[in-house]
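> Below are the sequence and a predicted model for it; my questions follow.
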Amino acid sequence: MTENKGKVVSVNGNLVSVRFDGNVSMNEICYVNVDNKKLKSEVIRIRGDIAQIQVYEMTNGIRCGDDVEFTGDMLSAQLGPGLLGQVYDGLQNPLPVLAEQAGWFLERGIYADGLNAEKKWEFTPTAKVGDVLRAGEYIGTVPEGPFTHKIFVPFYLLGNYTLKSIAGKGEYTVSETVAVLADERGREFPISMSFKWPVKRAVKCYTERLAPVETMETKVRLIDSFFPVAKGGTYCTPGPFGAGKTVLQHTTSKYADVDIVIIAACGERAGEVVETLTEFPELTDPKTGRSLMERTIIICNTSSMPVASREASVYTSVTLAEYYRQMGLNVLLLADSTSRWAQALREMSGRLEEIPGEEAFPAYLESYISAFYERAGCVLLPDGSKGSVTIGGTVSPAGGNFEEPVTQATLKVVGAFHGLSRERSDARKYPAIDPLISWSKYKTVTDSAKSAFCKNILLHGDEIGSMMKVVGEEGTSLEDYTVYLKSEMLDAVYLQQNSFDLIDANCTRERQRYVTDKLIYVLGSEYALDSKDDARSFFNRMRQKFIDWNYTEFESDAFARAEAEIDALYTDGQGKTSREAELLLKDGE
Amino acid sequence: MNKVFNRIESITGNVITVKAEGVQYNELAQINTRFGKSLAQVNKIDGDIVSLQVFAGGQGVSTGDEVRFLGHEMRVSFSEDLLGRIFNGSGEPRDRGPALTDNMKAIGGPSVNPTKRILANRMMRTNIPMIDMFNTLVVSQKLPIFSISGEPYNQLLARIALQAEADVIVLGGMGLKYDDFLYFKEELSNGGALSKTVMFIHTASDPTVECMMIPDMALAVAEQFALQNKDVLVLLTDMTNFADAMKEIAITQEQVPSNRGYPGDLYSQLASRYEKAVDFADSGSVTVLAVTTMPGDDVTHPVPDNTGYITEGQYYLKGGRIEPFGSLSRLKQNVNGKTRKDHRALMDAMIRMYSSYKETLEKKNMGFAMSRWDDKLLKYGQLFENRLMDLSVNLSLEEALDLGWEILAECFEKDETGIKSDLTDEFWPVR
């Protein structure tokens, strides 16, 4: 901590102005002393000898002349073993520890270390004395849950360092010195298993950034087959309230094919965090067979918690994600919701009396949003392994209108867009992602031509559907009506999914490929149908067969039986595969 | 400390500025004007210029009036004596009772640590079938009642206050018409619920700043009761007036408006109130029901829109009934599996049928011929609306479920309902 001090000269909400002497840096952390409590704050503007700071706590009781201490450090996250399974607030205070200290409420001015200082970890050295190392390379490992947690040369060390000494295999706390490094001039730096990193700076200790090519399975058919997300990619889920954004993220956090999931509950309901907290320890991770909580970190800054730390919470969570990526792991960061973060920016901008942009959001909104999403990525690490950070953010547009600034700024930078619609959620269709407006730039788990074939049926069916609203069923030709029924069936059996059913909710890549082929076979065929009633009853039966099929375990006997029933019905309807479908299915083999 | 200052620098609307030193942010002050004393709250400090929002409003405040800083924030007295009493937005009695000054608690306190919350899993019975049966209210839930002006939302709140299974009721009225205030008072005292009720009332003719205090006062009291192991139900009406009061002050202070003139922090402000709804691990709970009138029946208006993102569902009040389609209690599945085994299935079936009835009604209005099935649906829809949806219906959940079976049996055959046969076998009424 520097000796730099200042005095409060004005207070406006959580924006406080401080007159200081000496030097103050932008985004530096300082503490306001009030009622024998120190309130954590961050410098967000400097003008002459006045620094304007945003206070991460309620500002009641602050008066002019109160002391402010500057620390010289930026807002940092503590990185080291013991992050997994934790529940943090936006400033990386573990909430259970705060509850022990303060009881029911989040009293201001109480802070706790992000990592347990007493817990001992089993350290195994991997580097040898004399090795030349750089930031982001590792010197040893500790086991953390199902993972091998690498102990890094701190990311802030610039240049080459020689390992002078390293501790032997044994148990150490996160703050004990485990190695000593010397720089080129011989200055020595003792390092421990943990270090701090400023959250607003991206970690760049990788060799190369790679293009996101591998698809991340979410097990949601609509996403994986039609609007996929790549490991290291970004996507956003905007939707009006009640459209199921949070439910969708919740299922993704359970089933996504990644090593670690970080949930950033940013300005949302506390009840939803409680739900995750109650449910996750009981669930098992299908990959490791251990508790789901062991691969999860929750950063929660719910809507009633101070707004400035809401802004910090998204940065804290992406920093933790980057840290685990450095170990060669695939990390998924789910931010719910980025609109609340943008609103936090808007509130501060208003207090700073900046010239407002659209809907009073600050002019730098877009660059902040892109900088955040750009921290996602698939990277090649110094040891030759690959790691990735995938970011999925929900957006809560005012009035459900996607034209608003946050949605638009987000759409510019993400690789996939899953737009939720009120109509689909009102019709109780889950997931309520609207296939007609959503898009993705990533590779589907099935095949792009097959996925285009299915999307085409949906599009065509929708056109006929809207025409039918005008001319009625009577005015539609049997041919068109059949296409309409096919699109309805595709929607019901493939796009919609039962998130409560363990088998249906967890639809793997192999199964998606298999079912898609079957669907193309069925939907790409002509049937001997005489009337609309005939057609309706045929596709209703077919739909029911497919739905039953969805609930059977993949490649089980029941699965084969259900499939045989579909085939029987197909024969019954005298199905004839079209040329297009035939070609598609042949290509796939 | 109680410093006294005599020089008011500016008066704009309800906000005055004073030259003063050593003043705390959010501190209260008392102003002596020619019309009497009023409280005021510090909402900005810039050097020695202190801005205060005057509870009684800026009218009649003179530049020479005396401003005395009290050295503490807005507080509310908390004890069992509150029960049965009525206060205004400054915490002064509105009834003829004595002022309460014991055990003062700060309002607008910090939020509850999420790890100290428990999952909402207890039903709160209201004996209103459209709530209990179709969109169950859950202890610690926060739900708005979206309504157009003119709907009987205050009548609904009064009924819930009388019938809900809560230990303590806290009623917060904002911008309430005086008649409505009298109505609440009379209903609650006739119904015998006054003795478990605390009221904080701001009527439409009272000063704007007091309106902004009502939710915080009501919720602070509710929180204290909850910590004493009580289940508290907070009823707020009308949150749109609260938001409008915030808008008024924000504009007066020249804040940059964000959407339709509302301040940029509208979401955070509303959320910090609604999030007071809580079920404490090993203690009581706070449940919040808040009326939000939708200007022009527009759910995308900033107030209902932001509210929808905060709350756990909503009740739509339309045409004097709780609309079954737009209404949603997000927490209902936490409880409705444990009530009676036919609850969920019957609920789904009845809503499905009602939705078919609506389609048939549309067809009928367009002049199409009605089939026998359509006639059945029309009969069902009528019965459903009159016997279950009507707001005056007062039935326990079990009675409502039985009635639901009755209605189905009057209109349909067993296998027309789409309900699993083991349930129809058990519950289908024998004639």
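Yep, that arrived.
> Poorly predicted segments of the chain, please.
Using chain A. Low-confidence segments of chain A (pLDDT under 70): A:1-2, A:587-589.
> that's the wrong chain, I meant chain B
B:1-2, B:431.
> for it, which residue is closest to the average position?
Taking Cα atoms, centre = their mean, the centroid of chain B lies closest to residue B:290, which sits 1.5 Å from it.
> Pairing partners for whichever strand or helix holds it, with directions?
Here residue B:290 sits within strand B:285-293, counting by DSSP states H and E. Taking DSSP bridges as the criterion, strand B:285-293 forms sheet pairs with strand B:142-147 (parallel), strand B:231-237 (parallel), strand B:278-279 (antiparallel).
> the residue most distant from the middle of the chain, which is it?
Since you didn't name a chain, this refers to chain A. Distance from the C-alpha centroid of chain A, by Cα atoms, centre = their mean, peaks at residue A:530 (49.9 Å).
> wrong chain, I was asking about chain B
The outermost residue of chain B relative to its centre, with distances by Cα atoms, centre = their mean, is residue B:369 at 44.8 Å.
> That residue sits in which helix or strand?
With DSSP H and E as the test, residue B:369 turns up in no helix or strand.
> and if you look at the one 4 residues further on?
Secondary-structure assignment from DSSP H and E places residue B:373 in helix B:372-384.
> What are the contacting residues of that helix?
With Cβ atoms under 8 Å, 6 or more residues apart in numbering or on different chains as the test, helix B:372-384 has contacts from B:350, B:353-354, B:356-358, B:360-361, B:363-364, B:370, B:407-408, B:410-412, B:416. The C-beta positions use only the backbone N, C-alpha and C, and glycine is treated the same way.
> got a list of contacts for whichever helix or strand comes after that helix?
Next along the chain after helix B:372-384, taking DSSP H and E as the criterion, comes helix B:397-411. Under the contact criterion Cβ under 8 Å, 6+ apart, helix B:397-411 has outside partners B:125, B:127, B:129, B:132-133, B:339-340, B:342-343, B:346, B:349-350, B:353, B:376-377, B:379-380, B:383-384, B:387-388, B:393, B:395, B:417, B:427-429, B:431.
> Could I get the contacting residues of the closest residue to chain B within the stretch 351-500 of chain A?
In the stretch 351-500 of chain A, the residue that lies nearest chain B is residue A:399 (3.2 Å; Cβ to the nearest Cβ). By Cβ under 8 Å, 6+ apart, the contact list for residue A:399 reads A:240, B:300-301, B:305.
> Tell me which two of these sit farthest apart.
A:240 and B:301 (13.3 Å; Cβ to Cβ).
> beta partners for the residue nearest to residue A:402 when sequence neighbours are not counted?
Sequence neighbours aside, residue A:238 is the residue nearest to residue A:402 in space, at 5.9 Å (criterion: Cβ to Cβ, 6 or more residues apart in numbering or on different chains). For residue A:238, the beta-bridge partners are residue A:395 (DSSP bridges).
> Likewise for residue B:11?
Beta-bridge partners, per DSSP bridges, of residue B:11: residue B:16.
> pretty sure it is touching residue B:58, no?
Yes - the criterion here is Cβ atoms under 8 Å, and residue B:11 meets it with residue B:58 at 5.1 Å.
> Hmm, residue A:30 and residue A:38 touching each other?
No - counting by Cβ under 8 Å, residue A:30 is not a contact partner of residue A:38; they are 9.4 Å apart.
> List the contacts of the helix or strand following the strand holding residue B:290.
Next in sequence after strand B:285-293, counting helices and strands by DSSP H and E, comes helix B:302-310. For helix B:302-310, the external contacting residues (Cβ under 8 Å, 6+ apart) are A:240-242, A:269, A:303, A:396, A:398-400, B:142, B:144, B:146, B:239-240, B:243, B:259-260, B:262, B:266-267, B:270-271, B:274-275, B:290, B:292, B:294-295, B:298-299, B:314.
> give me every residue that touches the residue of the stretch 101-250 of chain B found nearest chain A.
When scored by Cβ to the nearest Cβ, the stretch 101-250 of chain B has residue B:111 as its residue closest to chain A, at 3.9 Å. For residue B:111, the contacting residues are A:105-106, A:270, A:302, A:304-305, B:272, B:275-276, by Cβ under 8 Å, 6+ apart.
> Just the buried subset of those, please.
By neighbour count, with 16 or more other Cβ atoms under 10 Å in any protein chain shown, those hold A:105-106, A:270, A:302, A:304-305, B:272, B:275-276 as buried.
> Now tabulate these in TSV and tack on secondary structure and distance to residue A:502.
Listed next are the buried ones among the contacts of residue B:111 as TSV, based on DSSP: H, G, I helix; E, B strand; the rest coil; distance: Cβ to Cβ, whole Å:
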residue	secondary structure	distance to residue A:502
A:105	strand	38
A:106	coil	36
A:270	helix	27
A:302	coil	29
A:304	coil	34
A:305	coil	34
B:272	helix	38
B:275	coil	32
B:276	coil	36
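> circling back to that earlier point, and the closest residue in space to the residue nearest to the centre of chain B that isn't next to it in sequence, bridged to which residues?
Once flanking residues are discounted, residue B:290 sits nearest to residue B:236: 4.0 Å by Cβ to Cβ, 6+ apart. On DSSP bridges, the residues paired with residue B:236 through beta bridges are residue B:172, residue B:290.
> With residue A:117 as the reference, measure out to residue B:236.
As judged by Cβ to Cβ, to the nearest Å, residue B:236 and residue A:117 stand 44 Å apart.
> With neighbour numbers in mind, choose between the two.
Neighbours were counted for residue B:236 and for residue A:117 using other Cβ atoms under 10 Å in any protein chain shown; residue B:236 has more, 27 against 12.
> So that one is in contact with residue B:222, correct?
No - with contact defined as Cβ under 8 Å, residue B:236 and residue B:222 do not form a contacting pair (10.4 Å).
> got the buried residues for stretch B:369-388?
Residues of stretch B:369-388 classed as buried: B:374, B:376-378, B:380-381, B:383-384, B:387-388 (neighbour count, 16+ other Cβ under 10 Å).
> how's chain B carved up into domains?
B:4-69, B:75-331, B:343-427 (automatic domain parsing).
> quick one: the longest one to chain centroid distance?
Read that as domain B:75-331. Centre-to-centre, domain B:75-331 and its host chain are 3 Å apart (Cα atoms, centre = their mean, to the nearest Å).
> Pull up the distance across that domain, start to finish.
33 Å (Cα to Cα, to the nearest Å).
> re the thing from before, tell me the angle the helix holding residue B:373 makes with helix B:397-411.
150 degrees (axes from the mean of the first three to the mean of the last three Cα atoms, to 10 degrees).
> Please, where are all the helices along chain B?
B:129, B:153-163, B:178-190, B:208-227, B:239-252, B:266-274, B:302-310, B:332-335, B:343-365, B:372-384, B:397-411, B:421-427 (DSSP state H).
> Need the residues that contact the third one.
With Cβ under 8 Å, 6+ apart as the test, helix B:178-190 has contacts from B:86, B:154-155, B:157-158, B:161-162, B:171, B:173, B:176, B:194, B:197, B:199, B:201, B:203-205, B:237.
> and that helix, C-alpha only, in CSV?
Backbone C-alpha positions of helix B:178-190 (Å, rounded to 0.1, in the frame of the first residue of the first chain) are rendered in CSV as follows:
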residue,chain,number,x,y,z
TYR,B,178,-57.7,8.9,-0.4
ASP,B,179,-60.8,6.8,-1.0
ASP,B,180,-58.6,3.8,-1.6
PHE,B,181,-56.8,4.5,1.7
LEU,B,182,-60.1,4.6,3.5
TYR,B,183,-61.2,1.4,1.7
PHE,B,184,-58.1,-0.5,2.9
LYS,B,185,-58.6,0.8,6.4
GLU,B,186,-62.2,-0.2,6.6
GLU,B,187,-61.8,-3.6,4.9
LEU,B,188,-58.9,-4.6,7.1
SER,B,189,-60.6,-3.6,10.3
ASN,B,190,-63.9,-5.2,9.3
